[in-house]
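**Q** I'd like to go over a predicted model; first the sequence, then the structure.
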Amino acid sequence: MSDFLREYFLVLLFGLLAVGVVGSFIGLASLLRPDRPTPGKTLAYESGVDPVGEGWSQSQIRYYIYALLFVMFDVEAVFIFPWATRLEEYGYFGLVEMVIFIFILALGLVYAWRKGVLRWA
């Protein structure tokens, strides 16, 4: 067996060992823990407040859109950080590309603002 395959075999062996240890601990815990279900334990917990009404409720779509916009503009930092660390190497071409990228993101932000998506209430 070559050294290359031996290293992958070692990683596979440690992975299987980790899965085995975790599985054995979970199995041991399921055998040792007390299991006495009561109606109070199976009741849905909502931050210390007794649940009222049905378990299903419809959420407004604007919360999902707000979260999606947050994720979209948060991911932009993933693209800007490597660019900022290697700015001298990219030169003017990288600067122009990043200005275009930020301009497109700013257009998206202005569009969302004009549509009233960022208004919380």
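**A** Structure's in. What do you need?

**Q** For the helix or strand encompassing L68, give me every contacting residue.
**A** L68 is part of helix 61-85, with elements assigned from DSSP states H and E. Applying CB atoms under 8 Å, 6 or more residues apart in numbering, the external contacts of helix 61-85 come out as Y90, G94, M98, F101, I102, L105, G108, L109, A112, V117, L118, W120. All C-beta atoms are positioned from the backbone trio N, CA, C, and that covers glycine.

**Q** And the helices in the protein, which stretches?
**A** Secondary structure of the chain (DSSP state H): helices located at 3-32, 39-42, 61-85, 87-115.

**Q** what's around V22, how many residues?
**A** 10 (other CB atoms under 10 Å).

**Q** next one: L109
**A** L109: 15 surrounding residues under other CB under 10 Å.

**Q** do R62 as well
**A** Neighbour tally, R62, other CB under 10 Å: 14.

**Q** can you pull the pLDDT of it?
**A** R62 carries a pLDDT value of 74.

**Q** Near Y90, how many other residues are there?
**A** Neighbours of Y90 under the rule other CB under 10 Å: 14.

**Q** thinking again about what came up before, now list the buried members of the contacts of helix 61-85.
**A** The neighbour count (16 or more other CB atoms under 10 Å) marks M98, A112 as buried among the contacts of helix 61-85.

**Q** Would you convert the contacts of helix 61-85 into TSV that also reports distance to F9 and pLDDT?
**A** Converted to TSV, those look like this (distance: CB to CB, whole Å; pLDDT from 0 to 100):
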residue	distance to F9	pLDDT
Y90	40	86
G94	42	87
M98	43	88
F101	43	89
I102	47	89
L105	45	87
G108	48	86
L109	50	86
A112	51	84
V117	52	78
L118	53	77
W120	54	70
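
**Q** Export the contacts of helix 61-85 to JSON lines and append columns for distance to L69.
**A** Formatted as JSON lines, the contacts of helix 61-85 follow (distance: CB to CB, whole Å):
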{"residue": "Y90", "distance to L69": "28"}
{"residue": "G94", "distance to L69": "26"}
{"residue": "M98", "distance to L69": "21"}
{"residue": "F101", "distance to L69": "17"}
{"residue": "I102", "distance to L69": "16"}
{"residue": "L105", "distance to L69": "11"}
{"residue": "G108", "distance to L69": "8"}
{"residue": "L109", "distance to L69": "8"}
{"residue": "A112", "distance to L69": "6"}
{"residue": "V117", "distance to L69": "7"}
{"residue": "L118", "distance to L69": "7"}
{"residue": "W120", "distance to L69": "12"}
